[in-house]
Structures are given as C-alpha cells and as structure tokens.
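Trainee: starting from these lines, generate the structure:
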Amino acid sequence: MSAPIEIRIVWDGTPLTITYRKQRFHEDFDHIELQVDEGFILPVTETGSRSHFLPAVTVEEFGGPESFVRAWLDHEAQSPDWKRRKNAARQMSLF
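Mentor: Got it, this is the predicted structure:
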C-alpha cells in the first residue's frame, strides 16, 4: 500500500480536501475520502465528508484522484436532489 495523497481543490466554489489511498486494505480497491470545509456542501454527502472504495484502476483511468473527484462531483451535480439542496443552501445564506 502506498502513502496517501492529499489534494486541496475548489469545486463549484466549495473548498475540499481529497485524500487518496491506492490499494487500501486489499490490492483490488483504492480509497477516496472527501472532506469539505465547514459551511459547504457537496452532492455526494450530506455530512461534509465521504469515504468511498472503488476498483483500483478507476482513478488511474480518470487521470488521477483530482480528475476522478471532479468528474464524480460534476456527474452527481446533475441530480434534481442536489439542485434542490444547493438552492436551499443559497436561500439560507440570505438571512
């Protein structure tokens, strides 16, 4: 197992940390953790953090952990549930 890679990015105005561990626990799976800064939301979690295991080759096929996470978030951001949550969060910020 290799050492974890930690990357800070901003996706759609949301600052977050990606922690990527190649071949975590077993040779066939990688592990991605997402942690958003307080007060921000993502389409893949309601708690501000997300732990996700995936087949080992998937992250490499996307060109690395940052590219994978951006594509994952972009895809999930198309859901009606996310659009409602995002709009509700914006409305709350007005008061």
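
Trainee: do you know the pLDDT at the nearest residue in space to residue 32 that is not next to it in sequence?
Mentor: Using CB to CB, 6 or more residues apart in numbering and skipping residues adjacent in sequence, the residue nearest residue 32 is residue 52, 4.8 Å away. Bear in mind the C-beta positions are built from the backbone N, C-alpha and C, glycine included. Residue 52 carries a pLDDT score of 93 in this model.

Trainee: and what of residue 83?
Mentor: 87.

Trainee: so where do the helices sit in the protein?
Mentor: Remark: helices assigned in the chain by DSSP state H are 56-61, 65-76, 80-92.

Trainee: got the angle for the last one vs helix 65-76?
Mentor: Yep, that's helix 80-92 we're talking about. 90 degrees (axes from the mean of the first three to the mean of the last three CA atoms, to 10 degrees).

Trainee: just to revisit the earlier point, the helices of the chain: which one's closest to residue 23?
Mentor: helix 56-61 (5.9 Å; CB to CB).

Trainee: buried sites along that closest one?
Mentor: Within helix 56-61, the residues that count as buried by 16 or more other CB atoms under 10 Å are residue 59.

Trainee: who does that helix touch, helix- and strand-wise?
Mentor: strand 29-36, helix 65-76 (3 or more CB pairs under 8 Å, 6 or more residues apart in numbering; DSSP states H and E).

Trainee: can you pull up the bridge partners for the residue nearest to residue 40 when sequence neighbours are not counted?
Mentor: Distances taken as CB to CB, 6+ apart put residue 14 closest to residue 40, at 4.4 Å, once the chain neighbours are dropped. Residue 14 has the following beta-bridge partners by DSSP bridges: residue 11.
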